[in-house]
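Q: could you work out the structure for the sequence below:
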Amino acid sequence: MNKRYIGTRIVVATLTSENEYLRHEGVNVEGREDRDGYCVTSADGGETWVSKQQFEATHREITETEKELLNEINAKPCHK
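A: Below you'll find the predicted structure:
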């Protein structure tokens with residue numbers, strides 16, 4: 001039986017056009033149509049480009065309260 005899951009992750013995103021991202025990756029973008037989007041970096045250091053429409057439909061900026069919680073969690077060592 002298939003199960004459905006909801007996943008969450010915290011990423012860092014920088015507004016970056018697709019062509020700007022591709023140029024950074026060494027791709028020749030001459031004559032290529034450009035799109036707005038985000039360069040997204042995940043916690044493991046992986047980096048990708050996501051269209052603005054797709055990113056904004058699936059992500060929101062974290063709140064100040066959430067930032068404070070993350071700081072508390074990151075500051076506490078794990079004890080077994």
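
Q: the most centrally placed residue in the chain bridge partners, please.
A: With distances taken as CA atoms, centre = their mean, residue 40 lies nearest the centre of the chain, 3.3 Å away. Beta bridges link residue 40 to residue 13, residue 48 when assigned by DSSP bridges.

Q: list the contacts of it.
A: Applying CB atoms under 8 Å, 6 or more residues apart in numbering to residue 40 gives the contacts 11-13, 47-50, 55. Yep, even glycine has a C-beta here, placed from its N, CA and C like the rest.

Q: can we see that at 6 Å?
A: 11, 13, 48, 50 (CB atoms under 6 Å, 6 or more residues apart in numbering).

Q: now a PyMOL select for only the buried ones of those residues.
A: To isolate the buried members of the contacts of residue 40 in PyMOL, using 16 or more other CB atoms under 10 Å:
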select buried, resi 50
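
Q: okay, the contacts of residue 40 in a markdown table with pLDDT and distance to residue 28 next?
A: Shown next, in a markdown table, are the contacts of residue 40 (pLDDT from 0 to 100; distance: CB to CB, whole Å):
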| residue | pLDDT | distance to residue 28 |
| --- | --- | --- |
| 11 | 91 | 28 |
| 13 | 93 | 25 |
| 48 | 94 | 20 |
| 50 | 96 | 22 |
